[in-house]
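Chemist: Pasting a predicted model and its sequence here:
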Amino acid sequence: DTEVTQTPKHLVMGMTNKKSLKCEQHMGHRAMYWYKQKAKKPPELMFVYSYEKLSINESVPSRFSPECPNSSLLNLHLHALQPEDSALYLCASSQDSGGGKNIQYFGAGTRLSVL
Amino acid sequence: GESVGLHLPTLSVQEGDNSIINCAYSNSASDYFIWYKQESGKGPQFIIDIRSNMDKRQGQRVTVLLNKTVKHLSLQIAATQPGDSAVYFCADPPLDGATNKLIFGTGTLLAVQP
């Protein structure tokens, strides 16, 4: 089973709203990732969690706040977003966060629209 | 800087034909590459990978070729089917062993015509 589950599939929010994206995997992976993908573009890394600790933040604005409650769950808390934040948000996991042959498995994503 | 890019943004093929998707990379020290397939409305799906100590690796209907001399790799899909319609990305994990930060290429849209 190489399944990464993301909820919700679609989300519409206003610029003053607070919402959260959720990601879950039961593969025993110890690294989890958030990516942002705009239409017709490749995914861009936002955050990396390794063993439940934030290891990489790609200079993401503070209106995006990641959280890793345990090794199977990853959240992305959203607050005061801008319309340009509308995108597909992808979660991925891998065995660990080391380089080399460490395949990342992706969820289907959450399609976010900010009005 | 390090970059991974594709020559052709869109490739249209007839069902049953073979498809070839190309990818160029700039870091001559890169030693591992991954191909992902992303269908409409889905996340990227791992297809096949290759290490730099190999020139060729075969999977089910897919073959990846690596030419280190010109820093180029290609994904070949045999007997292309409508279900192969998707965007294909090559990705280049880092070498330093410290992080698994994927660098995706631009992507190629493969459109299979019935």
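Modeler: Yep, that arrived.

Chemist: remind me which residues of chain B are low pLDDT?
Modeler: For chain B, the stretches with pLDDT under 70 are B:1-8, B:94-99.

Chemist: for chain A, same thing?
Modeler: Short version for chain A, where the test is pLDDT under 70: A:1-2, A:97-101.

Chemist: can you map out the strands along it?
Modeler: A:4-7, A:10-13, A:18-25, A:31-37, A:44-50, A:53-57, A:64-70, A:73-79, A:87-94, A:105-106, A:110-114 (DSSP state E).

Chemist: What about the closest residue to residue B:42 other than its chain neighbours, how many residues nearby?
Modeler: Sequence neighbours aside, residue A:108 is the residue nearest to residue B:42 in space, at 5.3 Å (criterion: C-beta to C-beta, 6 or more residues apart in numbering or on different chains). The way it works is simple: take the backbone N, C-alpha and C, and place the C-beta from them, glycine included. Using other C-beta atoms under 10 Å in any protein chain shown, the number of residues around residue A:108 comes to 18.

Chemist: same check, this time on residue A:9
Modeler: Per other C-beta under 10 Å, the neighbour tally for residue A:9 reads 11.

Chemist: same deal with residue A:82?
Modeler: Around residue A:82 there are 10 other residues, counting by other C-beta under 10 Å.

Chemist: Was I right to think residue B:90 contacts residue B:75?
Modeler: Yes - shown here, residue B:90 and residue B:75 form a contact pair, counting by C-beta atoms under 8 Å, at 7.4 Å.

Chemist: More neighbours: which of these two?
Modeler: Between residue B:90 and residue B:75, residue B:90 has the larger neighbour count (other C-beta under 10 Å), namely 28 against 25.

Chemist: Provide the secondary structure category for the more buried one.
Modeler: Under DSSP: H, G, I helix; E, B strand; the rest coil, the three-state class of residue B:90 is strand.

Chemist: number of nearby residues for the closest residue to it other than its chain neighbours?
Modeler: Nearest residue to residue B:90, sequence neighbours excluded (C-beta to C-beta, 6+ apart): residue B:23, at 3.6 Å. The number of residues packed near residue B:23 is 27, by other C-beta under 10 Å.

Chemist: How about residue B:24?
Modeler: 17.

Chemist: in the sheet, who's paired with it?
Modeler: For residue B:24, the beta-bridge partners are residue B:5, residue B:72 (DSSP bridges).

Chemist: I'd say it and residue B:71 touch.
Modeler: Yes - in this structure, residue B:24 is within contact of residue B:71 by C-beta under 8 Å, at 6.1 Å.

Chemist: that older thread, go through the strands of chain A and name the closest to residue B:53.
Modeler: With distances scored as C-beta to C-beta, the stretch of these nearest to residue B:53 is strand A:87-94 (21.7 Å).

Chemist: Export that closest one to CSV, keeping only CA atoms.
Modeler: Taking C-alpha atoms only, strand A:87-94 is exported to CSV below (Å, rounded to 0.1, in the frame of the first residue of the first chain):
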residue,chain,number,x,y,z
ALA,A,87,-3.3,26.2,-6.1
LEU,A,88,-3.1,22.4,-5.7
TYR,A,89,-1.5,21.5,-2.4
LEU,A,90,0.2,18.2,-2.4
CYS,A,91,1.4,16.1,0.5
ALA,A,92,4.0,13.4,0.1
SER,A,93,5.9,10.9,2.3
SER,A,94,9.0,8.9,2.1
